[in-house]
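>>> sequence unknown, structure follows:
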């Protein structure tokens, strides 16, 4: 199975909230990180929505 990565407005908004709070974690995110997310923690799914703001990342699957 090939995973499609797409920019998600919900993930970008969550990354902005995390950056504003200077804290990792948002209920919208399946995985959140500061710095690069660990690819080993990402499941093999058909589609992942991504968003980042500064060093904060949000992935939604």
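In hand now; what should we look at? Here the structure is a predicted model, which is why all the values come from computation and not from measurement.

>>> Can you list the strands that the top strand by length along the chain pairs with?
Assignment by DSSP state E gives strand 47-53 as the longest strand of the chain. Strand 47-53 pairs in its sheet with strand 4-7 (parallel), strand 56-60 (antiparallel), by DSSP bridges.

>>> what sits up against that strand?
The contact list for strand 47-53, computed with C-beta atoms under 8 Å, 6 or more residues apart in numbering, reads 3-16, 18-19, 42, 57-61. To be clear about C-beta, it is placed using only N, CA and C from the backbone, and glycine gets the same treatment.

>>> distance of the residue nearest the centre of the chain from residue 42?
Centroid check for the chain by C-alpha atoms, centre = their mean gives residue 58 as the closest residue, at 1.7 Å. Here residue 58 is placed at a distance of 12 Å from residue 42 (C-beta to C-beta, to the nearest Å).

>>> and for the two, which residues touch both?
The contact sets of residue 58 and residue 42 overlap at residue 31 (C-beta under 8 Å, 6+ apart).

>>> on that earlier part again, quick check, pLDDT for the residue nearest to the centre of the chain.
Residue 58 is assigned 97 on the pLDDT scale.

>>> what's across from it in the sheet?
Those that pair with residue 58 in a beta bridge, by DSSP bridges, are residue 32, residue 51.

>>> quick one on the thing from earlier: tell me the most buried of the strands paired with strand 47-53?
Counting by mean count of other C-beta atoms under 10 Å, strand 56-60 has the highest mean neighbour count of the strands paired with strand 47-53, with a mean of 23.
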